[in-house]
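**Q** Okay, sequence plus prediction incoming.
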Amino acid sequence: MKLVEVYTDGGASGNPGPGGYGALLMYKQHRKEMSQGYRLTTNNRMELLAVIVALETLKEEGLQVTVYSDSKYVVDAVAKGWVFGWEKKGFKGKKNPDLWQRFLKIYRKHKVTFRWVKGHAGHPLNERADELAVKAYQEGNLLVDEGYEAIHNA
C-alpha cells in the first residue's frame, strides 16, 4: 500500500480575519506544496481546510495517509471520534459543518491516521506548512470563505 505523508497548518490574523492554509504532500521522493489565502475566516477553518485540500489532491483512492497537524481541534475531533458523533447528530450546534462534511467525504476514501505535532517547535515540515499558510494570506490572492462569510454576514 502506498504511504503518503501530509503536513498541514492553517491560521488567521485576528481570528476571525484574513487567513490561509499551507500543506505539504510527501510520497517517496515527491513533494508537493500548496496554499491559499482567504479574506475573512478563522484559524480552525484554515486548519481543517488544509487537511481537506491535501486529501482532495490525492489522485488515487485507498491510500495510507498520515496527516501531521498542530491543530488539536482537527486531530482530536478525528482521532477521538468526536466528528462521527457530530455527524450522527447532523452537526447540530457545531462550528464548521460545511467543512466537516467535506472532510468526511474525502476522509472515507483513504486510510487516514492523524499525528499531532507541537506547533512552532522547530519541526521543519510543520514550520514550512506554517510559512505557506502565513504567506498565503499576507501576499496571496485572497478568496472568499463562503462557508464562513455566508453565516456571519447574514
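**A** Received the coordinates, thanks. Numbering: from 1, shown residues only.

**Q** buried ones in the least confident helix or strand in the chain by mean pLDDT?
**A** Here the helix or strand of the chain ranked lowest by mean pLDDT, DSSP states H and E is helix 146-152, holding a mean of 88. Within helix 146-152, the residues that count as buried by 16 or more other CB atoms under 10 Å are 147, 148. In short, each C-beta sits where N, CA and C put it, glycine included.

**Q** packing partners for that helix?
**A** strand 30-41 (3 or more CB pairs under 8 Å, 6 or more residues apart in numbering; DSSP states H and E).

**Q** Secondary structure class of residue 22, three-state.
**A** Classification of residue 22 by DSSP: H, G, I helix; E, B strand; the rest coil places it in strand.

**Q** Now for it: which residues touch it?
**A** Contact analysis of residue 22 by CB atoms under 8 Å, 6 or more residues apart in numbering lists 8-10, 33-35, 50, 128-136.

**Q** ok, the closest residue to residue 46 other than its chain neighbours to residue 48 distance?
**A** Distances taken as CB to CB, 6 or more residues apart in numbering place residue 10 nearest to residue 46, at 2.7 Å, with adjacent residues excluded. Using CB to CB, to the nearest Å, we find residue 10 at a distance of 7 Å from residue 48.

**Q** higher neighbour count, the two?
**A** Applying other CB atoms under 10 Å to residue 10 and residue 48 shows that residue 10 carries more neighbours, namely 35 against 27.

**Q** Now residue 145. Its backbone dihedrals?
**A** Main-chain torsions, residue 145, degrees, to the nearest 10: phi -80, psi 90.

**Q** Which pLDDT value goes with it?
**A** Looking at residue 145, its pLDDT is 96.

**Q** that older thread, quick one: which of the contacts of residue 22 is nearest residue 147?
**A** residue 10 (13.8 Å; CB to CB).

**Q** I'd say residue 58 and residue 25 touch.
**A** Yes. At 7.5 Å, residue 58 counts as touching residue 25 under the criterion of CB atoms under 8 Å.
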